[in-house]
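In: Let me see the structure of the following:
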Amino acid sequence: MLRLILGALLAPLCLAGSSMAAEYVVVQKNKAFSVAEITIKRGDTISFKNEDDVAHNAFSTSKEFSFNLNMQLPKVSTSVVFENEGTIEVRCVIHPAMKLIVNVKR
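Out: Prediction:
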């Protein structure tokens, strides 16, 4: 009987643990993102880490999800939680050639 009660109590905890959000790091170096495309799940976080000697300003105006990190100085890391599904294009205001595609899945 005790095993059944404990099992009933622990089952939701195990299920909750399996849906934990992940954190990814995308480095900005040599005026480029470290990857051109990344696939993550809804609720996951991307930490944008500026390892360049110059400032960046990563942003997205995608209809699925928009954000603006504003001026990100060298050696600074800023995180974004991606709440909406879809394909999100990330650019840098300062360096227009920088482009990252974030595919957010369920």
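
In: My reading is that residue 74 lies in a strand. Confirm?
Out: No: counting by DSSP: H, G, I helix; E, B strand; the rest coil, residue 74 is not found in a strand; it is coil.

In: wait, it sits on residue 53?
Out: Yes: the criterion here is C-beta atoms under 8 Å, and residue 74 meets it with residue 53 at 5.5 Å. (Each C-beta comes from the backbone N, C-alpha and C, glycine too.)

In: Check which helix or strand the residue nearest the centre of the chain maps to.
Out: The residue lying closest to the centre of the chain (C-alpha atoms, centre = their mean) is residue 46, at 2.2 Å. Taking DSSP states H and E as the definition, residue 46 sits inside strand 45-50.

In: helix or strand right after that strand?
Out: strand 58-61.

In: so residue 49 makes contact with residue 25?
Out: Yes: if you go by C-beta under 8 Å, residue 49 and residue 25 touch, sitting 5.7 Å apart.

In: List the contacts of residue 63.
Out: Residues in contact with residue 63 (C-beta atoms under 8 Å, 6 or more residues apart in numbering) are residue 86.

In: how close does it sit to residue 45?
Out: Distance, residue 63 to residue 45, by C-beta to C-beta, to the nearest Å: 21 Å.

In: so who does residue 56 touch?
Out: Residue 56 touches 28, 48, 50, 69, 72, 92, 94, 95, 98, counting by C-beta under 8 Å, 6+ apart.

In: And the residues you listed, which of them are buried?
Out: 28, 48, 50, 69, 72, 92, 95, 98 (16 or more other C-beta atoms under 10 Å).

In: Let me have the residues you listed in TSV, extended by distance to residue 59 and pLDDT.
Out: Below are these laid out as TSV (distance: C-beta to C-beta, whole Å; pLDDT from 0 to 100):
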residue	distance to residue 59	pLDDT
28	13	98
48	10	98
50	14	98
69	7	97
72	10	97
92	8	98
95	12	97
98	10	98
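
In: export those residues to TSV and tack on distance to residue 35?
Out: As requested, these are exported to TSV (distance: C-beta to C-beta, whole Å):
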residue	distance to residue 35
28	11
48	12
50	15
69	17
72	17
92	14
95	16
98	12
